[in-house]
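Asks: Quick one: sequence plus predicted model below, questions after.
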Amino acid sequence: MRVITTKTEMRDQVRGARGSGAAAVGLVPTMGYLHEGHLSLARRARSECDLVVMSIFVNPTQFGAQEDLESYPRDLERDVAMADQAGVDVVFHPSATEMYAPGHATWVDVEGLTDHLCGASRPGHFRGVTTVVSKLFAVCEPDRAYFGGKDAQQSLVIRRMALDLDQAVEVIVCATVREPDGLAMSSRNARLTSAERAQAPAMYRALLEAEGSIGDGERDPHVIRAAVIGRLADAPSASVDYVEVVSTSDLRPVDRIDGEVLLAAAIRFGATRLIDNLLVSPPD
């Protein structure tokens, strides 16, 4: 496995592989500090692609001024070993100055889908995400790109971006990978204290209970939202950023649960902000 740090070398690697007969290139974009969720994406890419590229880049443009860019966990040596074991062919690990030239002034903005949920609570976040992913698509030239289901809004936004910009890449969203107690795997989980880690699965349990209520006939999203927030009262370190019941097409809040919806939550446990979601369809 190779570790590449420049865009020029990355392009040369992909084009050389294609010239040698690689029919499909898969990209797994990450910010590093890998966990089983990332590795499951790499293994999926390995099963479907001839060349598997994993980017490891903590993207500064998707962090707000008061967010955790400097303290975001990093361990490149560990990540490279894990990526190698998962079957990755190339790790692309550029510096911030390699990805963003001096005077960088061009941004990719997806309107509408970024107005709600994390887009509302983290202004500018998705502009940074879509810009860096668009650049990764341009540099790595993948046929397929793999993302985790935990970041449901991000996946929808990137699919919209790829469609609107005629980017020749298939965006594949894989199921959320969870710890045995249900907590969605995230690099940020490492920042939880032991007490916060013990309370964090309350978010998933609250979403599951909401799913059960919909299955039992509840159709009022306000009732569902209040039930989730109420359930989180059992976790003293939890503070709610948002809990929403939204349409899966445009991520806008629904007035009534008449079809598939996304139950989405962003909760802080102490200083660590975690997100999770469930896709829920009421029974006929």
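Replies: Alright, I've got the coordinates.

Asks: How far does stretch 211-222 sit from its chain's centre?
Replies: From the chain centre to the centre of stretch 211-222 is a distance of 26 Å (CA atoms, centre = their mean, to the nearest Å).

Asks: buried set for it?
Replies: Residues of stretch 211-222 classed as buried: 211, 213-214, 221 (neighbour count, 16 or more other CB atoms under 10 Å). No exception for glycine: its C-beta is placed from N, CA and C like everyone else's.

Asks: repeat for stretch 165-185
Replies: Quick answer for stretch 165-185 (16+ other CB under 10 Å): 167, 169, 171-174, 176-179, 183-185.

Asks: ok but Ala226 is inside a helix, no?
Replies: Yes: assessed with DSSP: H, G, I helix; E, B strand; the rest coil, Ala226 lies in a helix.

Asks: distance of it from Glu218?
Replies: As for Ala226, its distance to Glu218 is 11 Å (criterion: CB to CB, to the nearest Å).

Asks: likewise Thr8?
Replies: For Thr8 relative to Glu218 (CB to CB), the value is 56 Å.

Asks: what about Arg273, which SS state?
Replies: Relying on three-state DSSP, one would call Arg273 strand.

Asks: got a pLDDT number for it?
Replies: Arg273 carries a pLDDT value of 96.

Asks: just Phe269 next, same as before
Replies: If you check Phe269, the pLDDT there is 98.

Asks: Return the set of residues that bridge with it.
Replies: Beta-bridge pairing of Phe269 under DSSP bridges involves Ala238, Thr272.

Asks: can you pull out the strands in this protein?
Replies: 2-4, 25-30, 51-56, 90-92, 144-148, 170-174, 238-247, 261-269, 272-280 (DSSP state E).

Asks: In CSV: the ones you listed, plus distance to Ala45.
Replies: Listed next are those as CSV, based on distance: least, CB to CB, whole Å:
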stretch, distance to Ala45
strand 2-4, 16
strand 25-30, 3
strand 51-56, 5
strand 90-92, 11
strand 144-148, 5
strand 170-174, 8
strand 238-247, 29
strand 261-269, 25
strand 272-280, 23
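
Asks: ok, now which ones touch the nearest residue to Tyr146 once chain neighbours are set aside?
Replies: Excluding the flanking residues, the one nearest Tyr146 by CB to CB, 6 or more residues apart in numbering is Leu41, at 4.2 Å. Residues near Leu41 by CB atoms under 8 Å, 6 or more residues apart in numbering: 28, 146-148, 174.

Asks: Would you mark the buried spots in stretch 45-56?
Replies: 45-46, 49-56.

Asks: And for stretch 262-269?
Replies: Those would be 262-267, 269, for stretch 262-269 by 16+ other CB under 10 Å.

Asks: Check stretch 94-110 too.
Replies: Those would be 94, 98-100, 108, 110, for stretch 94-110 by 16+ other CB under 10 Å.

Asks: Just those residues: which are in helices?
Replies: Members of those lying in helices (criterion: DSSP state H): 98-99.

Asks: And the buried residues of stretch 94-110, which two are furthest apart?
Replies: Spatial extent of the buried residues of stretch 94-110 (CB to CB) is set by the pair Glu98 and Val110 at 24.3 Å.

Asks: one step back: mind checking how far the residue nearest to Tyr146 is from Ile172?
Replies: Taking CB to CB, one finds Leu41 at 9 Å from Ile172.

Asks: Equivalent analysis for Ala24, please.
Replies: Distance of Ala24 to Ile172, computed by CB to CB: 12 Å.

Asks: With Leu163 instead?
Replies: On the measure of CB to CB, Leu163 and Ile172 end up 14 Å apart.
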